[in-house]
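S.K.: After the sequence you'll find the predicted model.
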Amino acid sequence: MSLITLVCRPRLTLLVLHTGFFPHQFARYSLVGRGPNHSTRIGCQTSPNSGLPFSSTTQSRSHQKSTAKYHKMAMSTSASAIPAEEQARLVEESKRLAAHQAVKDHLIPEYTRIGIGSGSTVVYVVEAIAALGPGVTAKMAFYPTGAQSEELIEAASLNLQYINKLPAGEQLDVAFDGADEVDDDLNLIKGGGACLWQEKIVAASAKKFVCVADFRKLSPRLGTNWKKGIPIEVLPMAAPRVLHELKQMGSHNPRIRPGLPGKAGAIVTDNGMWIIDAPFSPLLLPRDGESGIQAGNGENGVWTVDALADRLIKIPGVAEIGLFYGKNGLEVSTGAQKPVAAYFGMADGSIQLKEPTAS
Ligand SMILES: O=C[C@H](O)[C@H](O)[C@H](O)COP(=O)(O)O
């Protein structure tokens, strides 16, 4: 890979790179800085993402200038214009591109403890790590977030270790994971593949959590592109009363996720729980509440991410929720749920990187 251009401004850095993944075109790598005011046991599955549109044209105003390229890409890849096979290929290449760049940027050879998330994008994270060879990886231990990532680690002949063996008070150096949707504040929806509880434990155990995704996951607000609802891991015996409470909170048609076609009845997670998918109207960002607008506390079904997450986790019977919110690892030394960086492979072969900026 050869660096062609490097431009740095206070909140915007643009790197233009060639990559080997898209030999037919230049792959661009853009870093978008954000201002504070911008806008049968099935266990973990690879998330089908059928609820996502192939292309997304939604971006906050503050991102319009820096993501003009993104709009161009989205228009040129409308679902009707591109055959399904080509769409699938572009999505897979986008995932691979994001994953390889994230590993290149964040897997420092001196690291010894690495968290590996779940889903179809993480497959390329493991691919990129394995490609580094035993000379780099032999002294590293890899911590899975469920049965699927455990298999990925073993299949790549990487050293498997478990989070319950992490000495108290110590942290992973980095954790990589996918997401179903990522908003302007780097809040995430996760759990589309029925993994979320172990993912949250591993992400919160890492000094830095890095998210990898394809362009369909990029969204100004959670619930804009991902319409299936917020995945909530629940104790099976509590499911009926959790459903009732979710409806009272304004969720539109929350449902227990079925295990079909693989399993009749409810899907069962790696932790023996069920998943409820609870759709809400697109969630506001915390600043909407702070700006004096009377919204975000559930009145008329309108929630901010933080208010909804705080409320959901308190429902008796809820084990964990698929909202990753609050602080990131740059803001707190332990327990952060939000990523310090999110890499999006774009359909035109570029990479968009979202990072928090100091306020
Ligand atoms: O439950 C699944 C996990 O949260 C995944 O990380 C998430 O669904 C994204 O999966 P994928 O990379 O397959 O889109």
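M.R.: Yep, that arrived.
S.K.: Show the average pLDDT along the host helix or strand of His100.
M.R.: If you go by DSSP states H and E, His100 is part of helix 84-106. Averaging pLDDT along helix 84-106 gives 96.
S.K.: buried sites along it?
M.R.: 87, 90-103, 106 (16 or more other CB atoms under 10 Å). (C-beta placed from N, C-alpha, C; glycine too.)
S.K.: ok, then the element right after it?
M.R.: The helix or strand immediately downstream of helix 84-106 is strand 113-116, counting by DSSP H and E.
S.K.: Now do the helices in the stretch 51-200 of the chain.
M.R.: 68-76, 84-106, 122-130, 134-137, 147-155, 197-204 (DSSP state H, counting those that start in this stretch).
S.K.: ok now the second one, how far from the chain's centre?
M.R.: Think helix 84-106. 14 Å (CA atoms, centre = their mean, to the nearest Å).
S.K.: Name the spans of the stretch 151-300 of the chain whose pLDDT lies under the cut-off.
M.R.: Under the criterion pLDDT under 70, the flagged ranges of the stretch 151-300 of the chain are 287-295.
S.K.: For it, what lies in contact range of the ligand?
M.R.: Within reach of the ligand by CB under 6 Å from any ligand atom, the stretch 151-300 of the chain has these residues: Asp177, Gly178, Ala179, Asp180, Lys190, Gly191, Gly192, Gly193, Ala194, Cys195, Leu196, Glu199.
S.K.: Can I get the residues you listed in TSV including neighbour count?
M.R.: Shown next, in TSV, are those (neighbours: other CB atoms under 10 Å):
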residue	neighbour count
Asp177	29
Gly178	31
Ala179	30
Asp180	27
Lys190	30
Gly191	32
Gly192	30
Gly193	27
Ala194	28
Cys195	34
Leu196	32
Glu199	33
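S.K.: what about stretch 332-349, how long is it end to end?
M.R.: Length of stretch 332-349, first residue to last, CA to CA, to the nearest Å: 33 Å.
S.K.: swap in stretch 142-160?
M.R.: Using CA to CA, one end of stretch 142-160 lies 5 Å from the other.
S.K.: ok, now stretch 245-263?
M.R.: Using CA to CA, one end of stretch 245-263 lies 27 Å from the other.
S.K.: List the buried residues for that stretch?
M.R.: Using 16+ other CB under 10 Å as the test for burial, stretch 245-263 gives Glu245, Leu246, Met249, Gly250, Ser251, Pro254, Arg255, Ile256, Arg257, Gly259.
S.K.: OK, contacts around the nearest residue to Arg96 once chain neighbours are set aside?
M.R.: Counting by CB to CB, 6 or more residues apart in numbering, Arg96 lies nearest to Tyr124, which is 4.3 Å off, once chain neighbours are set aside. Residues near Tyr124 by CB atoms under 8 Å, 6 or more residues apart in numbering: Lys95, Arg96, Ala98, Ala99, His100, Val212.
S.K.: circling back to that earlier point, which two in the buried residues of stretch 245-263 are spaced the farthest apart?
M.R.: Gly250 and Gly259 (27.1 Å; CB to CB).
S.K.: Quick check, Gly146 in contact with Cys195.
M.R.: Yes: in terms of CB atoms under 8 Å, Gly146 counts as a neighbour of Cys195; the distance is 4.6 Å.
S.K.: For Ile321, the count of nearby residues, please.
M.R.: By the criterion of other CB atoms under 10 Å, Ile321 has 27 neighbours.
S.K.: Quick check: it touching Trp197?
M.R.: No: judged on CB under 8 Å, Ile321 makes no contact with Trp197 at a distance of 9.2 Å.
S.K.: Find residues that contact each of those two.
M.R.: Counting by CB under 8 Å, 6+ apart, the common neighbours of Ile321 and Trp197 are Glu233.
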